[in-house]
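K.L.:
Model the structure of this input:
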Amino acid sequence: MFPLRDENPTTRRPIVTLAILALCAFAWFGPQQGLSEPMTVDGGELPTIDEQTAFTFEQAVIPCELTTGEALSAAEITSTLRGAGTCVDGDDPFVADKNVWLAAITSIFLHGSLMHLLGNLWFLWIFGNNIEDRLGAIPFTVFYLVGGVVATLGHVMVQPSSTIPLVGASGAIAAVMGAYAVWFPDAPIRTFALFALVDIRARWYLLVWFVFQFFTGSDSRVAWVAHVAGFVFGLFIAGVIRVTRPERVGPTRPDQVDVLDSTGGIGRGPLPHPSDRFRRTDGPFTG
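P.N.:
Residues are numbered from 1 along each chain as shown. Alright, predicted model coming up:
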């Protein structure tokens, strides 16, 4: 099920969301494409690593580095490239000046492929602007970055000895999606599914997305636990804000209770839905 857009207007320009989109694109087309020097590891026993792979080892978060507190050694990088991918030697860091803790932030803006980048940016644009609209620029920035770090820690907890770099905004975006499920459960998501266009309530679309994470193949190299951790974090924070700061997601206008408004029934409102044909129904679909 591929989302095309949501019917959920905002009240302000999503400056931070646009900035994140730009930073991720810049990182992929700039530094990740050749601003690092090639690496030669293990005394030349392996071919020289290309610039993009070198940049990934230098800048990306790696579970083994977080659990040991220091960068990978040449032996560990060699082991990773040969397919082992576990901590074998914590001595003599190959990238001596790497800040392994800062890498947990920088990795959120890096991606493994062009398709990885485009997919993440698309989901961020669909769901991120509404969360920024509710939180405001600075709180949204904090929420996004902390969500990404929590997602990373979730991955590290299940693979603490992994030496495979973790890159991508997926965990942070999953946190955004979790908040969207709490604040805009009835917002229609225009979705391409089974060769047809359908409008699915956000709560059902995001529930299906969440459940499918647990069926990710072990050989897919997708850090699905990071997705789950980020999503749960978003659910929790949005739920706490809904209870403690209800003015941020105040009730809709009483005379519009039967209209599927853009806020899903609990947004700041009143923002009438752009199309009168969307009415409340009991099922997952709208119309």
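K.L.:
Okay, now the unreliable bits of the stretch 101-250 of the chain?
P.N.:
Flagging of the stretch 101-250 of the chain using pLDDT under 70 yields the residue ranges 217-220, 247-250.
K.L.:
where along it do the strands fall?
P.N.:
Shown for the stretch 101-250 of the chain, the strands assigned by DSSP state E, counting those that start in this stretch span residues 188-193, 196-201.
K.L.:
out of the ones you listed, which comes closest to residue 155?
P.N.:
For residue 155, the closest of the strands of the stretch 101-250 of the chain is strand 188-193, at 26.6 Å, according to Cβ to Cβ. Just so you know, the C-beta spots here come from the backbone N, C-alpha and C atoms, and that holds for glycine as well.
K.L.:
Just give me how far that closest one sits from the chain centre.
P.N.:
Mean-position distance between strand 188-193 and its chain equals 20 Å (Cα atoms, centre = their mean, to the nearest Å).
K.L.:
Extract the CA atoms of it and return them as CSV.
P.N.:
Taking Å, rounded to 0.1, in the frame of the first residue of the first chain, the C-alpha atoms of strand 188-193 are listed here in CSV:
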residue,chain,number,x,y,z
PRO,A,188,-7.9,10.1,4.9
ILE,A,189,-4.7,8.7,3.3
ARG,A,190,-5.1,8.5,-0.5
THR,A,191,-3.4,5.1,-1.1
PHE,A,192,-2.5,3.1,-4.2
ALA,A,193,-3.4,-0.5,-3.2
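K.L.:
which helices and strands sit right next to that strand?
P.N.:
Counting contacts by 3 or more Cβ pairs under 8 Å, 6 or more residues apart in numbering; DSSP states H and E, strand 188-193 packs against strand 2-6, strand 196-201, helix 202-213.
K.L.:
and the angle from that strand to strand 196-201?
P.N.:
Orientation check (axes from the mean of the first three to the mean of the last three Cα atoms, to 10 degrees): strand 188-193 against strand 196-201 gives 140 degrees.
K.L.:
How about residues contacting strand 188-193?
P.N.:
Where contact means Cβ atoms under 8 Å, 6 or more residues apart in numbering, the residues beyond strand 188-193 that reach it are 1-8, 126, 197-202, 205, 260, 278, 286.
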